[in-house]
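[1] sequence first, predicted coordinates after that:
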Amino acid sequence: MSITNIADNRRTLRLLPWALVFALVLFSLYTLAVSRGEPVNAMWLVTAAIGTYAIGYRFYSRFIAQRVLGLDARRRTPALRRNDGLDYVPTDKWVLFGHHFAAIAGAGPLVGPVLAAQMGYLPGTLWLLTGVIFAGAVQDFLVLFISTRRDGRSLGDLIKTEMGRVPGVIAMVGILTIMIILLAVLALVVVKALADSPWGAFTVFATLPIAVFMGVYGRYLRPGRIAEMSAIGFVLLLASIAFGRTVSESAMLAPLFTFKGETLAFMLIGYGFVASVLPVWLLLAPRDYLSTFLKIGTILSLALGIFIVWPDLKMPSISRFIDGTGPVFAGSVFPFLFITIACGAVSGFHALVSSGTTPKMIADETQTRFIGYGAMLMESFVAIMALIAASVLEPGVYFAMNSAPALIGATPDSAAAAISSWGFAVTPEALSGVAAEVGEKTILSRTGGAPTLAVGMAHILSSAVGGSAMRSFWYHFAILFEALFILTTIDAGTRVARFMIQDLLGAFFPAFGNTRAWAPNLAATAIAVSGWGYFLYQGVIDPLGGINTLWPLFGIANQMLAAIALTLCVVVLYRMKRERYAFVAIAPTAWLYVCTLSAAFEKIFHEDPRIGFLAHARKFAAAADKDQLLAPAKTLAEMQRVIFNDYVDATLCAVYVTLVLAMLGFSVRAIRAARAAQHVTTRETEDELHDLQPARA
Amino acid sequence: MNCTICSPPGLDLNHLARKLRDGAKLMVGQGDYDAYVAHLRARHDGATIMTRDEFFRARENARFGAGGERAFRCC
């Protein structure tokens, strides 16, 4: 046997286990796809996901690392070159992986898949798996690589140096709008979860004094002891969940914590303002500790729960709502599934993290693969678990929780009748039963994803620990976990938006940019809060639930940011003279352009008033002309406001379209220039080899 | 020969616990104080070194202060 033959055989032997993994993935997907009517075990979904991640990591990310980028362990990273012991610190890759994962994983991957479950679990699963392998993880990896080779500079900065000033400003505006919409939609999720729920509202309110106590403890009593204060905070949180039941059952206390959506919205807006101007150590930092650790812990327990319980998926693999008539969000699979599930498949926001703190702490550039690509795979698995949690519910219960009152009415009887007529048989008793089990008066129209996820998690976790007696505790634990997490995002986000606004306006009025002066601080905070507060209030009074309108806007914004980040990656690959491999970035970029543009066009121009903003405005205008009132408006002035809001939303979509198209134009220009040049034109930081050469006289 | 699965070479529980602790701290923006001190002693002779409490507050401010988008997460 010749030597090459032996080498070939060894190679084949090494690949054999991977062929088995691949076969297992295909068989799992086949099982998930063909089972009509019979519940499928969630472990098939878990197997398909983990197998796909393993194959994607082993083969595709390796191809990118070695062939496309040519990662080089000899290059000195910013952490080594600029080590200051603070921001630039070479860090152990596992420690950094945890940091990076904690920074990218937010509420997004928990909400999107829950909403997308209305189309069945299969479309969401397929997009989550293909999306993360070919788009999301690639984006995170490439941006992390690009930033690491450029002193850990930020996305906006990178776009400015590689593509020009205007594209840099476009990216900045994109980032600001995505934040405003994101804060609004997340606040709406909290409002929907806490409205008319004294138990939930009490526990979330209790987090305020708990966090302040932790803050004082960590500032004056035992400075810097994060573990101690977090442990104390956690015990107090559990106590508040337990006491929340007493509150909800007390005739005297329950009304004090029962709020309508509108009231909660104004409380949140006021809270966001106050929380983001207070000293950070008092409220923001301690709550950030609590919510970060709670998040990691909850994700781990959910994974453990799924592995112990092996729940069945009750949702059909593909539901009739792939035609776009679903109650949770309007619009057909393409493009709206790809907008609804943003995080978990591909999320533009990650480009900020990958060009933020992480690249400054990478000790060796070959680790960008493990941290960038790997952490995104883990986030995708979080999204898969959220999809599982939504799909273990009876479909009737799922639709009762996620449909607006305008569609299913306000009583268990009307809801059961409406949902059964859609082909998902459910009885009024079943709906009341679930509500009683989780300690709520009603579960109807608790849109926004969080309550659905909480019921699903309670189902899984109580099957593992505590049985049905613990179900209401687990439900409120899950609600508290999500609310805490979102509230932390709201005040941190409001602060960031405030700094961005001060930065932007400071360019014109220098006094405004002084982040230490009170007046500009308050003014910029007010602008930031009213920005997201406006969309939040609009969402709260929307009879179709608001999530309907806001989530697609957020999805479009987030995917648009991903398209912008990936465009940068394409341009950089061309400038590195690696155009042979540019398809790695071009394919996901093209897909995101197609998705965001079609979704934005449909949101503006679609003839169905449930989808198109202009059609919705026309419907209200026609009614107003005839002096008719359409819900939610109670006066003609309110009718006008609804119409105005539609135009605001349509304009926002148009702004997104313009930004994306402008970016496309700039990238074409940059690519042509790179192709015309004879040599590498990208601007990497000079590496060690150059640094060591003596300066030329 | 040792079985590498039952007793993997280099498994050191103290080491593991330290990594977990470092990882948890870095998740909330608190870097390694000892590494900071070691770095300043080695590279910047005579520089003022922050105390542990000062370091903690400086990192807290870097995470939430102006220009920091570090505590903001979405997805």
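    Yep, that arrived.

[2] what about the helices in chain B?
    For chain B, the helices defined by DSSP state H occupy B:13-27, B:33-43, B:52-64.

[3] would you turn the ones you listed into CSV with mean neighbour count and distance to chain A?
    In this view, the C-beta of every residue, glycine as well, is placed from N, C-alpha and C. CSV is the format used below for these (neighbours: other Cβ atoms under 10 Å in any protein chain shown; distance: least, Cβ to the nearest Cβ, whole Å):
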stretch, mean neighbour count, distance to chain A
helix B:13-27, 15, 4
helix B:33-43, 15, 4
helix B:52-64, 18, 4
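
[4] in TSV, list those along with mean pLDDT.
    Converted to TSV, these look like this (pLDDT from 0 to 100):
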stretch	mean pLDDT
helix B:13-27	92
helix B:33-43	91
helix B:52-64	89
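
[5] in terms of pLDDT, where does the residue most central in space within chain A sit?
    Geometric centre of chain A, nearest residue: A:Gly108, 2.1 Å, by Cα atoms, centre = their mean. Note for A:Gly108: predicted pLDDT of 85.

[6] can you tell me the closest non-neighbouring residue to residue 65?
    Using chain A. A:Arg369 (4.4 Å; Cβ to Cβ, 6 or more residues apart in numbering or on different chains).

[7] actually chain B
    A:Val280 is the one closest to B:Gly65 (Cβ to Cβ, 6+ apart), at 7.4 Å.

[8] and what of A:Gly56?
    A:Gly56 sits nearest to A:Ile133 (Cβ to Cβ, 6+ apart), 3.9 Å away.

[9] likewise for A:Thr682?
    Nearest one to A:Thr682, counting by Cβ to Cβ, 6+ apart, is A:Arg575 at 3.7 Å.

[10] now A:Thr91: phi and psi?
    Phi and psi for A:Thr91, reported as degrees, to the nearest 10, are phi -130, psi 150.

[11] residues in contact with it?
    A:Thr91 makes contacts with A:Ala79, A:His99, A:Met361, A:Ile362, A:Ala363, B:Leu26, B:Gly31, B:Asp32, as judged by Cβ atoms under 8 Å, 6 or more residues apart in numbering or on different chains.

[12] mind picking the two most distant members of those residues?
    Greatest spatial distance among these (Cβ to Cβ): A:Ile362 and B:Asp32, at 15.0 Å.

[13] thinking again about what came up before, hang on, the residue nearest to A:Ala65 in a helix?
    Yes. Counting by DSSP: H, G, I helix; E, B strand; the rest coil, A:Arg369 falls inside a helix.

[14] hmm, it is touching A:Phe63, no?
    No. With contacts defined as Cβ atoms under 8 Å, A:Arg369 does not count as touching A:Phe63, sitting 10.4 Å away.

[15] so those two - more neighbours on which side?
    Just comparing A:Arg369 and A:Phe63: by other Cβ atoms under 10 Å in any protein chain shown the higher neighbour count belongs to A:Arg369, 21 against 13.

[16] tell me how far the more buried one lies from A:Asn9.
    28 Å (Cβ to Cβ, to the nearest Å).

[17] was I right about A:Pro316 contacting A:Gly120?
    Yes. Assessed by Cβ under 8 Å, A:Pro316 is found in contact with A:Gly120 at 5.0 Å.

[18] quick one: low-confidence ranges for chain A?
    A:1-4, A:36, A:686-697 (pLDDT under 70).

[19] now the strands for it?
    A:40-41, A:312-313 (DSSP state E).

[20] who does the first one pair with, and is each partner parallel or antiparallel?
    Translated: strand A:40-41. strand A:312-313 (antiparallel) (DSSP bridges).

[21] give the contact list for residue 55.
    The chain I'm using is chain A. A:Trp18, A:Val21, A:Phe22, A:Val25.

[22] the intended chain is chain B.
    B:Phe55 touches B:Tyr33, B:Tyr36, counting by Cβ under 8 Å, 6+ apart.

[23] quick check: the residue of chain A nearest chain B.
    At 2.2 Å from chain B, A:Gly108 is the closest residue in chain A, using Cβ to the nearest Cβ.

[24] I'd say that residue and A:Asn558 touch.
    Yes. Using Cβ under 8 Å, A:Gly108 is in contact with A:Asn558, at 7.5 Å.

[25] for chain A, which helix is longest?
    Assigned via DSSP H, chain A shows its longest helix as helix A:636-676.

[26] what is that one packed up against?
    helix A:155-163, helix A:165-194, helix A:547-575, helix A:583-605, helix A:613-625 (3 or more Cβ pairs under 8 Å, 6 or more residues apart in numbering or on different chains; DSSP states H and E).

[27] the same query, at a cut-off of 6 Å, please.
    Helix A:636-676 is packed against helix A:165-194, helix A:547-575, helix A:583-605, helix A:613-625, with contacts defined by 3 or more Cβ pairs under 6 Å, 6 or more residues apart in numbering or on different chains; DSSP states H and E.

[28] now that helix and helix A:547-575, what's the angle there?
    Taking axes from the mean of the first three to the mean of the last three Cα atoms, to 10 degrees, one finds that helix A:636-676 is oriented at 10 degrees with respect to helix A:547-575.

[29] residue contacts, A:Ile210?
    A:Gly233, A:Leu236 (Cβ atoms under 6 Å, 6 or more residues apart in numbering or on different chains).

[30] returning to what we had before: between A:Ile362 and B:Asp32, which is the more surrounded one?
    Taking other Cβ under 10 Å, A:Ile362 and B:Asp32 do not tie; A:Ile362 has more neighbours (28 against 20).

[31] so what's the more buried one closest to, chain neighbours aside?
    Using Cβ to Cβ, 6+ apart, the closest residue to A:Ile362 is A:Thr77 (4.9 Å).

[32] and the gap between that neighbour and A:Met576?
    A:Thr77 is 18 Å from A:Met576, by Cβ to Cβ.

[33] how about A:Tyr373?
    19 Å.

[34] of those two, which one has the most company?
    Higher neighbour count among A:Tyr373 and A:Met576: A:Tyr373, with 28 against 20, using other Cβ under 10 Å.

[35] the more buried one touches A:Val143, doesn't it?
    No. A:Tyr373 lies out of contact with A:Val143 (Cβ atoms under 6 Å); the separation is 11.2 Å.

[36] now the residue lying closest to A:Ala406 once chain neighbours are set aside: phi and psi?
    Among residues not flanking A:Ala406 along the chain, A:Pro543 sits closest, at 4.4 Å (Cβ to Cβ, 6+ apart). With angles defined as degrees, to the nearest 10, A:Pro543 sits at phi -70, psi -20.

[37] re the thing from before, so which of the contacts of A:Ile55 sit within helices?
    Per DSSP H, these map to helices at A:Trp18, A:Val21, A:Phe22, A:Val25.
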